[in-house]
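Participant: from the sequence below, what's the structure:
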Amino acid sequence: MQAQGKCPDCNGIGANPLIMHEFAYIDRYDCPGCNGSGLFSDWAKVNGRHS
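Facilitator: So this is what the prediction gives:
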């Protein structure tokens, strides 16, 4: 993922897949690994790794 510049947690999408809540709301939330950017460089900063 580093060579592609994509966050390994969300595959560069910036958000995790849609999820179903108990009240049938469909929601999408920012990836915690890259703070929603989808970039490997941001993922590396958040996870304490050098890009």
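
Participant: verify the stated contact: residue 5 with residue 39.
Facilitator: Yes - contact criterion C-beta atoms under 8 Å: residue 5 and residue 39 qualify, at 6.3 Å. Yep, even glycine has a C-beta here, placed from its N, CA and C like the rest.

Participant: overlap in contacts, those two.
Facilitator: Common neighbours of residue 5 and residue 39, counting by C-beta atoms under 8 Å, 6 or more residues apart in numbering, are residue 12.

Participant: point to the helix or strand of the protein where mean pLDDT is at its lowest.
Facilitator: Counting by mean pLDDT, DSSP states H and E, the chain has its least confident helix or strand at strand 26-27, which shows a mean of 57.

Participant: which parts of the protein are helices?
Facilitator: For the chain, applying DSSP state H gives helices covering 40-46.

Participant: the strands in this structure, which residues?
Facilitator: 19-20, 26-27 (DSSP state E).

Participant: how close does the spatially most central residue of the chain sit to residue 4?
Facilitator: Central residue of the chain (C-alpha atoms, centre = their mean): residue 31, 3.1 Å from the mean position. According to C-beta to C-beta, to the nearest Å, residue 31 stands 15 Å off from residue 4.

Participant: do the same with residue 30
Facilitator: Applying C-beta to C-beta to residue 30 and residue 4 gives a distance of 20 Å.

Participant: who has more neighbours, the two?
Facilitator: residue 30 (14 against 10; other C-beta atoms under 10 Å).
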